[in-house]
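Q: Give the three-dimensional model of this entry:
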Amino acid sequence: MSYRNEDYHTYSGINFTEHSGNDFSEYSSEDLKKLWRKTLNNGMHGICFSMYEDGQEPGDIITEEQVERRVKILKPYTSWIRSFSCIEGNEHVARIAHKHGIKTMVGAWLGDNKEENEKEIESLITLAKEGYVNIAAVGNEVLYRNDLSLEELLQYIKRVKEALSGLDIPVGYVDAYYEFTLHPELVEISDVILSNCYPYWEGCHIDGALHHMQQMFDQATDAAKGKKVIITETGWPSEGGSLKGAFSSEENAMKYFINTQLWATKANIEVFYFSSFDESWKTGNEGDVGAYWGLWDKHENLKF
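A: Sure, this is the predicted structure:
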């Protein structure tokens, strides 16, 4: 997800700089790092799987060995892993995660290439029937990118739901929180509402970021009409440029992670944090910040 000029949110009255979450004003840099590490060691509900090493990018074929190494790194810290694709080696994520006792949200990546979409959908169905999928995500931010029409997307979701009928695997679609307000058809067809919530991409100052993210979640919850809402992505970059009042820094990345995890645990909200490892290729539409969303750096070392 990246910055978008249009304003789709329905909440009102938020002060982007109003303090929310922990008061870090008395924390030294070392205190903040210690609390960040303690929060991480306490464990997360879920984390988004970063697939590509330095020099790799989507389209490259990834080996089982590479996926296994990264899954082993994440295993002590998370109960769930979310993958974004089911081809080109991404199919290894679900199988290897399950081998290590980790549950999976498995995504079929959909775009404007219908042939590739077919491969993704068929692979997702295969993985699910083999028992490696706990939640099936049919598409990620397809409407946000305008890659498919709403009707085309709904047909893919319907197809997966029919193929997995009787398997007790919830099926949903991932997109920015406001898309479920704009398109109630998505809510109707989905078993679970999979919502991306990024205060950073709406230019929110770190002091108001937790409050802003909570309002994003509340908007998705209102649109969900009683269906379960999962935050499928939220995070903060540790380096790179800034956007309006949102500043990329190690300090802000630590603060946002701590606040998000403490709130999610207390409120019993299921969150998949974005992301696991820094990925150098992610510098297109997102700019230089795209390469710095990981809790681990591109060399697979914890950042703090």
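Q: burial count for Leu167?
A: 12 (other CB atoms under 10 Å). In this view, the C-beta of every residue, glycine as well, is placed from N, C-alpha and C.
Q: these two touch, right, it and Glu130?
A: No: Leu167 is not in contact with Glu130 according to CB atoms under 8 Å; the separation is 10.7 Å.
Q: my guess is Glu202 meets Ala209, correct?
A: No: applying CB under 8 Å as the test, Glu202 and Ala209 come out as separate, 9.5 Å apart.
Q: Kindly point out which residues are neighbours of both of these two.
A: Ala246 (CB atoms under 8 Å, 6 or more residues apart in numbering).
Q: for the helix ranked longest in the chain, which positions count as buried?
A: Counting by DSSP state H, the longest helix found in the chain is helix 250-267. Along helix 250-267, these residues count as buried under the neighbour rule (16 or more other CB atoms under 10 Å): 250-264.
Q: Contacts only, for the residue most central in space within the chain.
A: Nearest to the geometric centre of the chain sits Glu233, at 2.5 Å (CA atoms, centre = their mean). Residues in contact with Glu233 (CB under 8 Å, 6+ apart) are 1, 48, 174, 196-198, 272, 274.
Q: one more time with 6 Å
A: 196, 274 (CB atoms under 6 Å, 6 or more residues apart in numbering).
Q: Torsion angles phi and psi at it?
A: Dihedral pair for Glu233: phi -150, psi 130, per degrees, to the nearest 10.
Q: any idea which residue of this structure is furthest from its center?
A: Max radial position in the chain (CA atoms, centre = their mean) goes to Glu26, at 30.8 Å.
Q: Below-threshold pLDDT in this protein: ranges please.
A: 1-19 (pLDDT under 70).
Q: same thing but at 80, please
A: Applying pLDDT under 80 to the chain flags residues 1-20, 285.
Q: Show me the strands in it, by range?
A: Here the chain has its strands, by DSSP state E, at 44-48, 78-83, 103-108, 135-140, 171-176, 193-196, 229-234, 271-273.
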